[in-house]
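> sequence and predicted structure, then a few things I'm wondering about:
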Number of protein chains: 2
Amino acid sequence: MDRDAEVFQSLAEPTRLRLLNILRQAGEVCVCELVDALQLPQYNVSRHLHVLAQAGLLEDRRCGKWIYYRIAKDLKPYQRAVLRALDELREEREDFQQDEARASRRLKLRRDGACCLGLGGLRRLLKIREDGKAEEVQKSKS
Amino acid sequence: MDRDAEVFQSLAEPTRLRLLNILRQAGEVCVCELVDALQLPQYNVSRHLHVLAQAGLLEDRRCGKWIYYRIAKDLKPYQRAVLRALDELREEREDFQQDEARASRRLKLRRDGACCLGLGGLRRLLKIREDGKAEEVQKSKS
DNA sequence: ATTTCATATGCATAATAGCGCATATGAGTG
DNA sequence: CACTCATATGCGCTATTATGCATATGAAAT
């Protein structure tokens, strides 16, 4: 496979599009925050981030126990153009905007001390449960 | 898989990127012309065109025995944006430009009567052989 | 040093994708 | 009708990919 085709390949997966969308909107985000925003297993998120990084679209920065991911700085022009296209995709994707809302609520907790709290306590704080009550909470908050 | 992720999936293959590039530069092109430009087996080109059409990026028009493919007219904004990114990719890909050169030479033959001549006679006309003499001819023509 | 926390990864499995070959389809031609 | 031509497609094969589970790594905290 082409190096360039690999870039498109990395975009050819729903979860990875969601990740890129959040990272484009929110800047530098660490894995556990992405896990909460997307509500997917950690190994799943981690693997997808790895694919995007391999393709050259993301870079990561270690900071203590946490690893922050962000859109790579040295993208080729065509890569920038492709990612810019995600802005237009975002317009028609409500689920992307819901992701952003969850990510945004999650990122606000950074103020409260450490970046990444324990998942248990944090989820309680966020009222995000695994049983899909996240939407319920979202409604009551908006 | 997402409908949108399917679009990126359709771009995640070198041959399909080459096809899109030619179609973007040359407009409406029929399958046998693409086969000559890319110098790949017909079933291969045909399948890849099908994938791109399924993703909604291409549409086809039958005209007698020939089938013309072109970039779809009713693309979504983000799809247009993604395809526009191919212009920037084209800048750094000499092989894309060679494809265009072959396609362009091939399309000039449309004047000589039918769109699609028999492959044998046509290749003789183009001096494109399977043994890789195409470059040789290209040099002598430029 | 042991434990905890955040993240990554090896492995097995299931699903998917591309390729080459042969052949089907469908439209003109003699 | 038989034939040719342009294109599409079914099949078997191999290669790649995503997923879930368990576990490894690596850094801080106790």
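That came through fine. Numbers count the residues shown, from 1 in each chain, chains lettered A, B, ... in the order given.

> mind listing the helices for chain A?
Secondary structure of chain A (DSSP state H): helices located at A:3-11, A:14-26, A:31-38, A:42-54, A:77-91, A:94-108, A:119-126, A:134-141.

> what does chain A put close to chain B?
Contacts of chain A with chain B, taken as Cβ under 8 Å from any Cβ of the partner chain, map to A:1-2, A:4-6, A:8-9, A:11-14, A:17, A:76-79, A:81-82, A:84-89, A:91-93. To be clear about C-beta, it is placed using only N, CA and C from the backbone, and glycine gets the same treatment.

> out of those residues, which touch DNA strand D?
For DNA strand D, the contacts drawn from the residues of chain A next to chain B by Cβ under 7 Å from any atom of the strand are A:1, A:9, A:12, A:13.

> so the third one touches residue B:13, yeah?
Read that as residue A:12. No. Between residue A:12 and residue B:13 there is no contact under Cβ atoms under 8 Å: 9.8 Å.

> and for residue A:51, the neighbour number?
Per other Cβ atoms under 10 Å in any protein chain shown, the neighbour tally for residue A:51 reads 19.

> scratch that, residue A:4 is what I was asking about
Residue A:4: 22 surrounding residues under other Cβ under 10 Å.

> give me every residue that touches it.
A:78, B:14, B:17, B:89, B:93 (Cβ atoms under 8 Å, 6 or more residues apart in numbering or on different chains).

> same deal with residue A:48?
Residue A:48 neighbours (Cβ under 8 Å, 6+ apart): A:13, A:15, A:16, A:19.

> change it to 6 Å
A:15, A:16, A:19 (Cβ atoms under 6 Å, 6 or more residues apart in numbering or on different chains).

> how near is the second one to residue A:43?
In other words, residue A:16. According to Cβ to Cβ, to the nearest Å, residue A:16 stands 15 Å off from residue A:43.

> more neighbours, those two?
Using other Cβ under 10 Å, the more surrounded residue of residue A:16 and residue A:43 is residue A:16, with 23 against 9.

> for the residue most central in space within chain A, what are its contacts?
With distances taken as Cα atoms, centre = their mean, residue A:19 lies nearest the centre of chain A, 3.5 Å away. By Cβ under 6 Å, 6+ apart, the contact set of residue A:19 is residue A:48.

> let's see the pLDDT reported for it.
We have a pLDDT of 98 for residue A:19.

> same question, residue A:142
pLDDT, residue A:142: 26.

> low-confidence regions, chain A specifically.
Low-confidence segments of chain A, defined by pLDDT under 70: A:111-142.

> can you do 90?
Scanning chain A for pLDDT under 90 picks out A:1, A:64, A:108-142.

> any residues of it in contact with DNA strand D? List them.
Neighbours of DNA strand D within chain A, by Cβ under 7 Å from any atom of the strand: A:1, A:9, A:12-13, A:15, A:41, A:43-44, A:47-48, A:51, A:62, A:64-65.

> give me that answer again for 6 Å
Selection of chain A residues close to DNA strand D by Cβ under 6 Å from any atom of the strand yields A:9, A:13, A:15, A:41, A:43, A:44, A:47, A:51, A:64, A:65.

> now the two most distant members of those.
Using Cβ to Cβ, the residues of chain A next to DNA strand D span at most 32.2 Å, a distance reached by A:9 and A:64.

> higher neighbour count, these two?
Per other Cβ under 10 Å, whichever of residue A:9 and residue A:64 has more neighbours is residue A:9, with 20 against 8.

> can you report how many residues neighbour the closest residue to that one other than its chain neighbours?
Closest residue in space to residue A:9, ignoring its immediate chain neighbours: residue B:12 at 3.7 Å, by Cβ to Cβ, 6 or more residues apart in numbering or on different chains. Neighbour count for residue B:12, taken as other Cβ under 10 Å: 23.

> how many neighbours does the nearest residue to residue A:33 once chain neighbours are set aside have?
The spatial neighbour of residue A:33 that comes closest, neighbours along the chain excluded (Cβ to Cβ, 6+ apart), is residue A:106 at 5.2 Å. Neighbourhood size, residue A:106 [other Cβ under 10 Å]: 22.
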